[in-house]
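Colleague: build me a structure from this.
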Amino acid sequence: MHYKCKNMHEDIVAMCLYIENIMSFDYKKADSQATVVEPMEPGQFPYEAYADYEAARHERCRRFKDAPSGVLVYRRMRVQQCFSSGCRRMDESLRWQLGALAKSMEFEADVPNFLEPWYGIGTLASAYGVDYEWLEGQAPAVSHPFQSVQEALAAPVKPVAETAIGRHTLAMIRYFMEQTGGRLPMSLADTQSPLNAACMLVDTSSFLLDCIDDPDAVRAFLGRLAELQVEFVRKQQELIGDRLVWPGHGFASSPVFSGLGQSDDNLLMMSNEMYGELAAPSLCASGAPFGGPVFHSCGNWSDKLPVITKLPGVRTVDAAFGDATDPNPNPVEPFPAALAGTGIVLNARIVGEPDRVVGIVRRLWAPGMKLIVVTYCQTPQEQDETYERIHELCHV
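Modeller: Now for the predicted structure:
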């Protein structure tokens, strides 16, 4: 049966609900997940102390990975400057990130932080010839060069490593490795899913209409992006070597974990059936060579749990909980019901003071869960309390 005759109503409803949700977002609000740190020169960083700190925590990660159920706490040190206009200069980005890694040792956690060669989210899209636009004080952006998927399929494409964005990303990795002597853990650049990249390249309204009118072309386009994704991940992997941590970016990451973390936020505009038939195969194709797909979406994607938990080889899913974390956070209850006993890790981001975080964890935890609680406590004392209470609550 032709797709557009099958579930057009449900797909349009999903698109409208997504637009309704994002219209309420306060774009002037400061990044609630960022931490204020002092930048640090590479020569000042306490490498030996961080190596000891990291080694002890990777053993905790190893035990968690091998266990059928358990909990870890990750205090993410996200620095606002590194994820906005500050990413344009790799030397500044490195100093901010080194300051974050040094500060992170003051906060009790089970998973260490890592360096990230973050350079916007248009890396995969650059294969189609787009470059960044730099608005003052903002992260770089790309504009849609195509008005339809067929137009994109007919366009020339080249490996990401040969584009301006790709070359800069690889140069940033080399710079970080040289300046630190390769002594610190590092993730890949922020990895956007083929679906997310497609919506940067094709006018989003047109792309979503093509999902209904020309699904075969959409599958072909996303499949091509998945191939480009795998190729560029391998280029980064060659440079980072054994210091590479997985899944990367916003996930708690470790060299003992596996799977490719990908941001797949635009699934919020699709029905479960449309996503499963058109977009999910490219996410899985991108992740399969690296241990399986690892899924992230901002916002409330809980209604997609039935399709996400069935992705072949899925390792981890990331979700935001609590109003201070995301303008449209996930409800808690669907997650333990869907994930307990599956072996799929939940990377749960929760901003707030100890009572808020622990209150949400109490509702998330269930026997058979594999849970990583990502905290953003403002002081080491708050983090210590949160850490102890979470481990006491989720004692296995």
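Colleague: so where do the strands sit in this protein?
Modeller: 70-75, 260-263, 293-296, 316-321, 345-350, 370-375 (DSSP state E).
Colleague: packed most tightly, which of those would that be?
Modeller: Of the strands of the chain, the one with the most neighbours on average (mean count of other CB atoms under 10 Å) is strand 293-296, at a mean of 29. C-beta coordinates here come from the backbone N, C-alpha and C atoms, glycine included.
Colleague: low pLDDT regions in the stretch 151-300 of the chain?
Modeller: Along the stretch 151-300 of the chain, no part satisfies pLDDT under 70.
Colleague: residue ranges of the helices in it, please?
Modeller: Taking DSSP state H, counting those that start in this stretch, the helices of the stretch 151-300 of the chain run over residues 164-180, 194-201, 204-213, 215-240, 272-274, 280-287.
Colleague: in the fifth one, what's buried?
Modeller: Using 16 or more other CB atoms under 10 Å as the test for burial, helix 272-274 gives 272, 274.
Colleague: same list (the strands of the chain) but as JSON lines, adding distance to Val361.
Modeller: Shown next, in JSON lines, are the strands of the chain (distance: least, CB to CB, whole Å):
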{"stretch": "strand 70-75", "distance to Val361": "8"}
{"stretch": "strand 260-263", "distance to Val361": "22"}
{"stretch": "strand 293-296", "distance to Val361": "19"}
{"stretch": "strand 316-321", "distance to Val361": "9"}
{"stretch": "strand 345-350", "distance to Val361": "7"}
{"stretch": "strand 370-375", "distance to Val361": "6"}
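Colleague: out of these, the one nearest Ser126 is which?
Modeller: Ranking the strands of the chain by proximity to Ser126 (CB to CB) places strand 260-263 first, at 15.8 Å.
Colleague: keeping just the C-alphas, turn that closest one into CSV.
Modeller: Output in CSV follows, covering the C-alpha atoms of strand 260-263 (Å, rounded to 0.1, in the frame of the first residue of the first chain):
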residue,chain,number,x,y,z
LEU,A,260,27.5,5.6,18.0
GLY,A,261,25.6,8.4,19.7
GLN,A,262,23.4,10.3,17.2
SER,A,263,21.0,13.2,17.6
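Colleague: packing partners of it?
Modeller: Counting contacts by 3 or more CB pairs under 8 Å, 6 or more residues apart in numbering; DSSP states H and E, strand 260-263 packs against helix 280-287, strand 293-296.
Colleague: direction included, what does the shortest one pair against?
Modeller: When pairs are called by DSSP bridges, strand 293-296 turns out to pair with strand 260-263 (parallel), strand 316-321 (parallel).
Colleague: can you redo those strands as a markdown table with distance to Arg76?
Modeller: Putting the strands paired with strand 293-296 into a markdown table (distance: least, CB to CB, whole Å) gives the following:
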| stretch | distance to Arg76 |
| --- | --- |
| strand 260-263 | 13 |
| strand 316-321 | 11 |
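Colleague: now the helices of the stretch 151-300 of the chain as JSON lines including distance to Val345?
Modeller: Listed next are those as JSON lines, based on distance: least, CB to CB, whole Å:
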{"stretch": "helix 164-180", "distance to Val345": "26"}
{"stretch": "helix 194-201", "distance to Val345": "21"}
{"stretch": "helix 204-213", "distance to Val345": "29"}
{"stretch": "helix 215-240", "distance to Val345": "20"}
{"stretch": "helix 272-274", "distance to Val345": "21"}
{"stretch": "helix 280-287", "distance to Val345": "14"}
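Colleague: most packed of the ones you listed?
Modeller: helix 194-201 (a mean of 26).
Colleague: give me the contact list for it.
Modeller: Outside helix 194-201, the residues that touch it by CB atoms under 8 Å, 6 or more residues apart in numbering are 121-122, 124-125, 128, 130, 142, 144-146, 149, 152, 192, 207, 218, 221-223, 225-226, 229, 262-267, 279, 282-283, 286.
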